[in-house]
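Engineer: here is a sequence with its predicted model. Questions after.
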Amino acid sequence: MLNFVHSIPTKIYFGKGQISHLAELLKPYKSILLAYGGGSVKKSGLYDEIMGILKEEGCKVTELSGIEPNPRIESVARGVKLCKENGVDAILAVGGGSTIDCSKAVASGVYFEGDDLWSMVKERKTPPKALPLFVILTISATGSEYDGGGVISNMTTNEKIGASFTFPTASICDPTYTFSVPKYHTAAGAADIMSHIMEDYFSRTPDSDLADGICETVLKSVIRNLPVALAEPDNYEARANLMADSSIACSGIPRYGKQASGWVCHGMEHQLSAYYDITHGVGLALLTPRWMRFILKKDPGCEWRFVRFAKNVWGLEGEDEHALALAGIDALENFFRENGIPMTLTELGIGTEHFADMAEKANFGGRMNNAFVPLTREDIIKIYEACL
């Protein structure tokens, strides 16, 4: 088990009715940027409830609406401009990971020196100062409500970059706000949660019992609760467990004491989203089993980890460890497919035309040289091809 240092400064208000704390959280601030995506926040009635609270507190409200599912640098620039023009002193992000990620970049961008906000994203360094950020979560997926990172897209250059910005000061996580999330996005969000866990779980460190146990528990929780949430959208227990899974999965806790794994599936998926603007969780779901089969074949020495995955996550048994490892991968792929996630690039209308460029960017600077199983540009192309 390796040494580690970890800090999560975000305060979580979890459970039904926790919006009752919003007024006290925002009391020190007088000019709020309200950030959200599409019309679902208004259709659900949450927008009106929030505006009522802000009005009662005497807050000046500036709105940043229409934030994209893969948030664009243009939305970040628009938010920064609104903050500067209206003297905003805090941001309230209402939505899922895309809205929160964009808001983190806006909070940091207000203090960024210069006009080229894309250069801020490309620096990937935590800015020294940011506006206070508060979150009301409406989908269980990215875990952005409980970490300091964000992913921003530049569709002009076909780049999608994850960078460090700022942690939310506080996040209100009410599972009832996820009741209206469509099945497709519920399933995609669950795949995102599982991917965050698996990116840390598939590590060379064999003796971090705490981290591995947390990873396995979260994976089993998603496997158990996703089908229930899809069949019964207003099942509080299922939605609550998925929301808690979301926050923990990307918090850094599941990698305590573990060797870094490279997060290669995220690196490959970011290229899919950058070129084709697909749903992040869907891209992760179709890439992950293909990556698993590829690295298992490339380096049989990692088989022990797949055997543990099959036994402890899927409850599989067998004397033939290689067959058991493959069965665990099959179980994961079948789970995604059975819960309505497209499992080929062909289904998404994606062909081979950009694979070489995507692979080059995914492994820029040799970022996958130190992964759980190191990957070359050619390896990445083969994994993309296996997804067709």
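Structural biologist: The structure has been received and is ready for your questions.

Engineer: what about the residue sitting nearest the centre point of the chain, which helix or strand?
Structural biologist: What sits nearest the mean C-alpha location of the chain, by Cα atoms, centre = their mean, is residue 142, with 2.5 Å. Of the helices and strands defined by DSSP states H and E, none includes residue 142.

Engineer: and residue 166, helix, strand or coil?
Structural biologist: coil (DSSP: H, G, I helix; E, B strand; the rest coil).

Engineer: from residue 125, how far out is it?
Structural biologist: Going from residue 166 to residue 125 by Cβ to Cβ, to the nearest Å gives 12 Å. No exception for glycine: its C-beta is placed from N, CA and C like everyone else's.

Engineer: between the two, who's got more neighbours?
Structural biologist: More neighbours surround residue 166 than the other of residue 166 and residue 125, with 24 against 10 (other Cβ atoms under 10 Å).

Engineer: my guess is the residue nearest to the centre of the chain contacts residue 246. True?
Structural biologist: Yes. Between residue 142 and residue 246 there is a contact at 7.2 Å, judged by Cβ atoms under 8 Å.

Engineer: identify the contacts common to those two.
Structural biologist: Residues touching both residue 142 and residue 246 by Cβ atoms under 8 Å, 6 or more residues apart in numbering: 189, 192.

Engineer: hey, where'd the helices end up in the stretch 251-388 of the chain?
Structural biologist: Taking DSSP state H, counting those that start in this stretch as the criterion, the stretch 251-388 of the chain carries its helices at 264-276, 280-298, 303-312, 321-338, 355-362, 377-386.

Engineer: just send those helices back as a markdown table, with mean pLDDT too.
Structural biologist: Formatted as a markdown table, the helices of the stretch 251-388 of the chain follow (pLDDT from 0 to 100):
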| stretch | mean pLDDT |
| --- | --- |
| helix 264-276 | 95 |
| helix 280-298 | 98 |
| helix 303-312 | 98 |
| helix 321-338 | 98 |
| helix 355-362 | 95 |
| helix 377-386 | 97 |
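
Engineer: can you list those helices in JSON lines and add distance to residue 241 and mean neighbour count?
Structural biologist: Output for the helices of the stretch 251-388 of the chain, formatted as JSON lines (distance: least, Cβ to Cβ, whole Å; neighbours: other Cβ atoms under 10 Å):
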{"stretch": "helix 264-276", "distance to residue 241": "23", "mean neighbour count": "23"}
{"stretch": "helix 280-298", "distance to residue 241": "17", "mean neighbour count": "23"}
{"stretch": "helix 303-312", "distance to residue 241": "18", "mean neighbour count": "19"}
{"stretch": "helix 321-338", "distance to residue 241": "16", "mean neighbour count": "18"}
{"stretch": "helix 355-362", "distance to residue 241": "32", "mean neighbour count": "20"}
{"stretch": "helix 377-386", "distance to residue 241": "31", "mean neighbour count": "18"}
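
Engineer: need the ones you listed in a markdown table (columns: distance to residue 148).
Structural biologist: Output for those, formatted as a markdown table (distance: least, Cβ to Cβ, whole Å):
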| stretch | distance to residue 148 |
| --- | --- |
| helix 264-276 | 16 |
| helix 280-298 | 18 |
| helix 303-312 | 28 |
| helix 321-338 | 28 |
| helix 355-362 | 23 |
| helix 377-386 | 27 |
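
Engineer: and of those helices, who's closest to residue 182?
Structural biologist: helix 280-298 (12.6 Å; Cβ to Cβ).

Engineer: now do the closest one: which elements does it pack against?
Structural biologist: Contacts defined by 3 or more Cβ pairs under 8 Å, 6 or more residues apart in numbering; DSSP states H and E place helix 280-298 against helix 183-201, helix 264-276, helix 303-312, helix 321-338, helix 377-386.

Engineer: sketch out the low-pLDDT regions of the chain for me.
Structural biologist: The chain contains no residues with pLDDT under 70.
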